[in-house]
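>>> model the structure of this input:
(one chain, ligands or ions: 2)
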Amino acid sequence: MKASEVLDNLKRRFPNEPEYHQAVSEVLGTIEEAYNEHPEFEKSNLIERLCIPDRIFSFRVTWMDDKGQIQTNMGYRIQHNNAIGPYKGGIRFHASVNQSILKFLAFEQTFKNSLTTLPMGGGKGGSDFSPRGKSNAEIMRFCQAFVLELWRHIGPDTDVPAGDIGVGGREVGYMYGMYKKLAQENTGTFTGKGREFGGSLIRPEATGYGNVYFLLEMLKTKGIDIKGKTVCVSGSGNVAQYTVEKLISLGAKVVTMSDSDGYIYDPDGIDRAKLDYIMELKNLYRGRIREYAEQYGCKYVAGARPWGEKCDIAMPSATQNELTGDDAKTLLDNGCIAVSEGANMPSTPEAIDAFLEAKILYAPGKAANAGGVSVSGLEMTQNAQKLSWSSEEVDEKLKSIMQNIHEQCVKYGKQADGYTNYVKGANVAGFMKVAKAMMAQGIL
Ligand SMILES: NC(=O)C1=CN([C@@H]2O[C@H](COP(=O)(O)OP(=O)(O)OC[C@H]3O[C@@H](n4cnc5c(N)ncnc54)[C@H](OP(=O)(O)O)[C@@H]3O)[C@@H](O)[C@H]2O)C=CC1
Ligand SMILES: O=C(O)CCC(=O)C(=O)O
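Ligands and ions are numbered 1, 2, ... in the order given. You can find the predicted model right below:
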């Protein structure tokens, strides 16, 4: 296959889907060589079967707001690939959600889930519903209406959704409650559930902790200690909060966090008490990060991202394309030695090129943020066995999965000059497993 031809063809067939094209382009560029070593892949047109989702459900979601007005939103579920297990991936509620964004996420999820070593295929779903400013009752009614359509397409052995942007424990609880009522089963469909009804310990922490575990593995290859390092984190949601929690516990100094309105810069570092404030502000009061600056008297920059602040390590943990080529240059000029992605595809292609050219430690999201879906996989196992593991047990398994993903990246990504290209490593390792599974199961 010729990567550029496959991409052009996909662009022609599926126009106006820039995020999907971007994600596919990154993967194709790095797996071309490995793919072409297997003529049997080309003979079975494996690449198109892998890039185009198995199926896409889209539906109208109708719900009533607190004023009694009837609202409509679009809902989607992309079932991308189930060669190695049931479709698995989060649900995103955000005003920006469209088919292109969910297609990129489902495509990436397929490779990420392959890397975890657990039997999970890739999927993603969501809605252009914005939870911002909505009451608890409105969130509940929306979640119920969303599942009223979605439930017939999911199940513990077919498709297992979870959270993503705008969907946390509260939303998963409401969706699971409605699902159970309709499907009349109490198995493991949905992960990230409450602890009282089948949720795994450490699932809320898993993506952030996992990203730090991956970062530690990268730093270890250079003999660098995390202690005392200055870190810029973006976002202040689930992934960002637990990234910061783990970094603080390891003695790193986190100086930034953000939301979609702006970022805070705290030169003294966010400590445990300040993080508790942020968790309460964000998870309970649904407030804005600006309020942190008012509380602690530090800098707040509206309408900007934190990459202009000096740091040793950057951990983008908000959303896609939040770190541009110019941001990457600024980070590098300021001495940044490592970037580990908590978000999915947060760095633009220009930013990735800059990091790889500078040969810094750069971990793409599909490797570095795989801890979340890994613990989701462990939640599925616990649900199937009808038991629950301790925090220590889950955390140990998470650590070992992240170490394993790191090893796979090094195995497939180490260059002749000794530099590890984690982008190539993650893509080739994730691809080979899915490709072999698809080949073994015939032309479907
Ligand atoms: N949750 C999980 O387990 C996993 C999540 N991820 C990825 O991590 C990232 C964060 O997800 P998560 O923490 O769960 O989501 P949350 O909804 O909990 O938090 C998202 C954070 O990012 C900010 N944000 C969202 N959209 C934008 C935007 N367009 N511009 C600037 N800031 C934005 C939000 O600010 P505001 O509140 O103002 O909207 C919020 O601070 C996403 O890319 C997600 O796909 C990856 C693997 C697993
Ligand atoms: O836990 C899951 O199933 C999905 C997590 C997720 O959406 C992601 O990895 O991007």
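
>>> OK, contacts around the residue of the stretch 1-150 of the chain found nearest ligand 2?
Relative to ligand 2, the nearest point of the stretch 1-150 of the chain is residue 90 (2.6 Å; C-beta to the nearest ligand atom). C-beta here means a position set from N, CA and C on the backbone, and glycine is covered the same way. Residue 90 makes contact with 105, 124-126, 161-164, 167, 373 under the criterion C-beta atoms under 8 Å, 6 or more residues apart in numbering.

>>> 6 Å - rerun?
The contact partners of residue 90, by C-beta atoms under 6 Å, 6 or more residues apart in numbering, come to 162-164.

>>> backbone phi and psi for the closest residue in space to it that isn't next to it in sequence, please?
Excluding the flanking residues, the one nearest residue 90 by C-beta to C-beta, 6 or more residues apart in numbering is residue 164, at 3.2 Å. Note on residue 164: its backbone torsions stand at phi -160, psi -150 [degrees, to the nearest 10].

>>> okay, residue 6: pLDDT?
On pLDDT, residue 6 comes in at 98.

>>> so is the helix or strand where residue 29 lies next to ligand 2?
Assigned by DSSP states H and E, residue 29 belongs to helix 18-36. No - between helix 18-36 and ligand 2, judged by C-beta under 6 Å from any ligand atom, nothing touches; the nearest distance is 12.1 Å.

>>> buried sites along that helix?
Under the neighbour-count criterion of 16 or more other C-beta atoms under 10 Å, helix 18-36 has 19-32, 34-35 buried.

>>> got the residues of this structure near ligand 1?
Contacts of the chain with ligand 1, taken as C-beta under 6 Å from any ligand atom, map to 163-166, 168, 207, 235-240, 259-261, 317-319, 322, 342-344, 369, 372.

>>> from the residues you listed, list just the buried residues.
So, by 16+ other C-beta under 10 Å, the buried ones in the residues of the chain next to ligand 1 are 163-166, 168, 207, 235-240, 259-260, 317-319, 322, 342-344, 369, 372.

>>> just the ones of those in helices?
Counting by DSSP state H, the part of these found in helices is 207, 238-240, 372.

>>> with distance to residue 190 as extra columns, can I get these in JSON lines?
Shown next, in JSON lines, are these (distance: C-beta to C-beta, whole Å):
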{"residue": "207", "distance to residue 190": "16"}
{"residue": "238", "distance to residue 190": "16"}
{"residue": "239", "distance to residue 190": "19"}
{"residue": "240", "distance to residue 190": "23"}
{"residue": "372", "distance to residue 190": "14"}
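
>>> what's the spacing between the residue in the chain that ligand 1 sits nearest to and ligand 2?
Residue nearest to ligand 1 within the chain: residue 237 (1.8 Å; C-beta to the nearest ligand atom). Distance of residue 237 to ligand 2, given as C-beta to the nearest ligand atom, to the nearest Å: 12 Å.

>>> and the gap between that residue and residue 167?
To residue 167, residue 237 is 10 Å away according to C-beta to C-beta, to the nearest Å.

>>> which residues does the nearest residue to residue 353 once chain neighbours are set aside contact?
Nearest residue to residue 353, sequence neighbours excluded (C-beta to C-beta, 6+ apart): residue 325, at 7.4 Å. Applying C-beta under 6 Å, 6+ apart to residue 325 gives the contacts 350-351, 354.

>>> now do the same contact list for residue 31.
427-428, 431.

>>> please apply the same query to residue 306.
232, 234, 256, 258, 263 are the contacts of residue 306 under C-beta under 6 Å, 6+ apart.

>>> related to what we said a few turns ago, what about the residue nearest to residue 90, distance to residue 437?
Counting by C-beta to C-beta - residue 164 and residue 437 are separated by 25 Å.
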